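Novice: Please work out how this folds:
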Amino acid sequence: MPPPSDIVKVAIEWPGANAQLMEIDQVSVHWSLSGSEQFALRYADGPQLYITDDVYNSSQYTTWFLSMLLLLSRQLLDRIQSHGIDARLEALKELAKLSADPTFATEFISMEGIGTLARLVESECCTLTLVCSLLSFGEMLAFTLTAFLELMDHGIVSWDLISLSFIKQIAGYVNQPMVDVSILQRSLAILESMVLNSHSLYHRVAQEITVGQLIGHLQVSNQEIQTYAIALINALFLKAPEDRRQVSTVPAHQHTGRHVIRGNRPIKAEMAHQLYVLQVLTFNLLEERMMTKMDPSDQAQRDIIFELRRIAFDGENDPSGTEKRKAMYTKDYKMLGFTNHVNPAMDFTQTPPGMLALDNMLYLAKLHQDTYIRIVLENSSREDKHECPFGRCAIELTRMLCEILQVGELPNEGCNDYHPMFFTHDRAWEEFFCVCIQLLNKTWKEMRATAEDFNKVMQVVREQITRTLAMKPSSLDQLKGKLRGLSYSEILRLRQSERMSQDDFQSPPIIELRERIQPEILELIKQQRLNRLCEGSCFRKLGNRRRQEKFWFCRLSLNHKVLHYGDLDESPQGEVPFELLTDKIPVSDIKSVVTGKDCPHMKEKSALKQNKEVLEQAFSILYDPDENLNFVAPNKYEYCIWTDGLCALLGREMGSDLTRSDLDTLISMEMKLRLLDLENITIPEAPPPVPKEPSTYNFTYNYG
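Specialist: Predicted coordinates for the structure are as follows:
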């Protein structure tokens, strides 16, 4: 009697065992194909058959594929729990590779695979890694932790299910001085994921790991370990109660500058990002003071203002102190540059900068007393109309620095914009303010400014600071040197040079010429965008917080009719051949392109997807039948290239900031070339009038 039509026989092979003939019931399971290029099935009485996207819609093959995964998961679990060291090691090695596939992960986890791995870590066998000289035990633990992390990263099960004994075991590997590097890396990554994904696990991890213990890992020469350690410090800082953040961050900040920034080694991208995050979190410690208004009735706060007046005008040994009546201080407060001469406490009631400005002023007065007294007395001796109001300037400067350094804002995913100089001093913020207040006083004198010029001076100072920060000075001394080179006259020269490079003509003939040139330039930009899409781009998979990044690649076919895409193990160095990109979307099937909050993958509520920068670089392709392909561009430039290119493919207007910038630049260049022969010739606003007709035409001459 022949077997039922729903039953097929499939030969399954795995390392270290003979092939087995399995009967698969095609009706009992249902599955959607994913990552199929990694697997193959072999008929019992036929040739080997690979499952590829060519058979994507075949329910028969996908059923076989799922059944194979079920069998593979069961066999791996059995081999992982076997007594043979070699068999277990090979099984864990294979599991570490397969765990990255979401379909396999789903099946393996459904068989209590996570619990099995956790018990392996907690068992005595794995703890032998710390004392046993056999390499196999260390490798087993490394592959076990890798597989565990890959499986948890899919988000199929909650991190809250992790036991306290497992946390203690992982924390033990981090705290051990001689643990293997691969085990230490994975342990730090697991702890970081625990802290970021579970509030309750943060408290458990914080009980087992302190910042002081992690600082020891910053002193090693391995930058990967340093990166993992800083990432865990940042995670602990983000979840810590406000009263513990100062204690957690300051020592980490100091040791980062000493062992990482000054290490004279190239800083890799992930390390740069973690340094940026640490910088942002450190500056965010200032937010509370920045948003705290001064209480004019608080005597302790008013005493700080009295101290500023005393240091500036009374000297150290003046016995009168604060016993004078407040009315007698009015003149001194005016010389100090406060807006409210009678009650200067009112100057600190606006937030930002709130009490942070007063903190900065007191730091300058006490730690750089000579500079403080010189600035105050120098301005008090000037004519009233040219004096630089120290108090008002310090308050406005503090507000400006908070805006430039984005105090109070959360770090952006993928941003690497850290400033090395802020890691080279224990009081970097205060010292930065002291440098900038001296710059402001110098610029005020160079501009010969009056009170009416206050806003103009602040604009120049902002430009001086932002231009200098863009140069990435490595220390505060280098910052001072670069600021000296950006005097007011140099800023004027730079502005003039930049204006000269722009097209400022607004006369009707020039406007008409621009309108005629614009369609040609837009077509040129369109071709450039499509050519870039044909070259393709690499995208990072969203939601992967660990250092082992996952990538995928997408490119447009040369005939502009098909989009090809597929997963990659690592970021490519050049173009990826079409043969390696197994998935494709016909351009004719694309319904629309959506961006930002309208993207399907941005509608989910998670901390990563709510990130402002990720949101601004997200876009999706919607195509038949009700499917979508989701992107998060690696940077703003790639975002503009792809959204422009896709709009061009669909016959729509390219509206990105990059297109506007390119259009202005190219039109300006083209117009300057066309107007080159008219240099130094005034172009009239209107064409010359048409002359009147002559009274007679007798002036004509007949050549006949």
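
Novice: Next secondary structure element downstream of the helix of greatest length in the chain?
Specialist: In the chain, taking DSSP state H as the definition, the longest helix is helix 508-535. The helix or strand immediately downstream of helix 508-535 is strand 537-540, counting by DSSP states H and E.

Novice: hmm, back to that, the longest helix of the chain: how far from the chain's middle?
Specialist: 32 Å (C-alpha atoms, centre = their mean, to the nearest Å).

Novice: Buried by neighbour count: which residues of it qualify?
Specialist: For helix 508-535, burial by neighbour count (16 or more other C-beta atoms under 10 Å) applies to 513-514, 517, 521-522, 525-526, 528-530, 532-533. Bear in mind the C-beta positions are built from the backbone N, C-alpha and C, glycine included.

Novice: Can I get these in JSON lines including pLDDT?
Specialist: Putting the buried residues of helix 508-535 into JSON lines (pLDDT from 0 to 100) gives the following:
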{"residue": "Leu513", "pLDDT": "82"}
{"residue": "Arg514", "pLDDT": "82"}
{"residue": "Ile517", "pLDDT": "90"}
{"residue": "Ile521", "pLDDT": "93"}
{"residue": "Leu522", "pLDDT": "94"}
{"residue": "Ile525", "pLDDT": "95"}
{"residue": "Lys526", "pLDDT": "95"}
{"residue": "Gln528", "pLDDT": "95"}
{"residue": "Arg529", "pLDDT": "95"}
{"residue": "Leu530", "pLDDT": "95"}
{"residue": "Arg532", "pLDDT": "93"}
{"residue": "Leu533", "pLDDT": "94"}
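
Novice: and stretch 289-303, how far apart are its ends?
Specialist: The separation between the terminal residues of stretch 289-303, taken as C-alpha to C-alpha, to the nearest Å, is 17 Å.

Novice: now do stretch 612-625
Specialist: 30 Å.

Novice: So which elements touch the longest helix of the chain?
Specialist: When contacts are defined as 3 or more C-beta pairs under 8 Å, 6 or more residues apart in numbering; DSSP states H and E, helix 508-535 sits against strand 551-556, helix 636-649, helix 657-674.

Novice: So what angle separates the directions of it and helix 657-674?
Specialist: 130 degrees (axes from the mean of the first three to the mean of the last three C-alpha atoms, to 10 degrees).

Novice: who wins for proximity to Leu164 among the helices and strands packed on helix 508-535?
Specialist: strand 551-556 (35.6 Å; C-beta to C-beta).

Novice: Just give me how far the helix or strand just after the closest one sits from the chain centre.
Specialist: Going down the chain from strand 551-556, the next helix or strand is strand 562-568, by DSSP H and E. Strand 562-568 sits 25 Å away from the centroid of its parent chain (C-alpha atoms, centre = their mean).

Novice: what's the helix or strand that strand 562-568 is followed by in contact with?
Specialist: Next in sequence after strand 562-568, counting helices and strands by DSSP H and E, comes strand 583-586. Strand 583-586 is contacted from outside by 53, 561-566, 621, 623, 629, using C-beta atoms under 8 Å, 6 or more residues apart in numbering.

Novice: can you list contacts of stretch 617-625?
Specialist: Contacts for stretch 617-625 (C-beta under 8 Å, 6+ apart): 563, 585, 589-596, 598-602, 628-636, 638-639, 642-643, 646.

Novice: that older thread, tell me which two in the buried residues of helix 508-535 are the farthest apart.
Specialist: Going by C-beta to C-beta, the pair spanning the buried residues of helix 508-535 furthest: Leu513 and Leu533, at 31.0 Å.

Novice: Stretch 373-391: which residues count as buried?
Specialist: 375-376, 379-380, 387-391.

Novice: Could you chop this protein up by domain?
Specialist: Domain assignment for the chain by the TED database gives 9-67, 69-125+133-280, 291-315+322-487, 518-660.

Novice: Any idea which of these gets closest to Pro508?
Specialist: Between Pro508 and the domains of the chain, the shortest separation by C-beta to C-beta is 15.6 Å, and it involves domain 518-660.
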